[in-house]
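Trainee: When you get a sec, could you give me coordinates for this:
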Amino acid sequence: MTVTAQPRTSPDVTTTSPGSSTEPAATVPASPATSTADASALQALVDRINHGHLNPRVRTVFVATDAGVFCSLTDPVIGCELTHGGRIKPPADLCQGGAGAHDIGRVVFGDADPEPQCNSDTIVEPDAPQLQSGQTAKSSSGTLACLAEPSGVSCYDQVSGTGFFLGRGSYAIYTK
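Mentor: All right, here's what the predicted structure looks like:
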């Protein structure tokens, strides 16, 4: 099954990591930035996932060891979490107040668009199967797909047409 992007309007890509600047980007920038891009950024994400090698033994949960990211493609939490280090300094309006975490460690598919979370809990499951860099995993329904990359994990939801990237020190949200 091929994942294809068919955005209704131009998607936005929001990439956040320590520091801030604004510049157009077609892929996740290597430097700290907050970026907005056109439909080509979402299509580039889908193309990367489509060119990965499907690992049919990995379905609902996996760890991308090279990237230090754990992902769950099933309820109750559908998203990815940093397994150690590299948590991300949030924008000013996120992670405020309370005794919870003050940095981002997880990105999940939310009710609408993917959402960064300032988590103090964990969804990591011990002994999860490993997904090697360049390999993809798909949900049982086939509508969610993730690609393990050396710098993180990229995921796409075919139903909502949205996606995200999560890696040590940075994340990107791809929306329509």
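
Trainee: tell me which helix or strand of this protein sits lowest on mean pLDDT?
Mentor: Within the chain, no helix or strand scores below strand 12-16, which has a mean of 43 by mean pLDDT, DSSP states H and E.

Trainee: Run through the strands of this structure in chain order.
Mentor: Here the chain has its strands, by DSSP state E, at 12-16, 53-54, 61-64, 69-74, 77-82, 106-109, 114-117, 135-138, 144-149, 152-157, 162-167, 170-175.

Trainee: So what touches the fourth one?
Mentor: With CB atoms under 8 Å, 6 or more residues apart in numbering as the contact definition, strand 69-74 has outside contacts at 59-64, 78-83, 123-125, 128, 131, 137-140, 144, 146, 148, 152-153, 155, 166-167. Yep, even glycine has a C-beta here, placed from its N, CA and C like the rest.

Trainee: Got a quick ChimeraX command for the buried subset of those residues?
Mentor: Selection of buried members from these for ChimeraX, criterion 16 or more other CB atoms under 10 Å:
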select :60,61,62,63,64,78,79,80,81,82,83,123,124,128,131,137,138,139,144,146,148,152,153,155,166,167
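
Trainee: ok, A67 - contacts?
Mentor: Going by CB under 8 Å, 6+ apart, A67 touches 133, 148-153, 167-168.

Trainee: The closest residue to it other than its chain neighbours and P76: what is the separation?
Mentor: Leaving aside its chain neighbours, A67 sits nearest to G152 (4.8 Å; criterion: CB to CB, 6 or more residues apart in numbering). From G152 across to P76, the span is 23 Å (CB to CB, to the nearest Å).

Trainee: Quick one: low-confidence residue ranges for this structure.
Mentor: Residues of the chain meeting the criterion pLDDT under 70: 1-38, 97-100.
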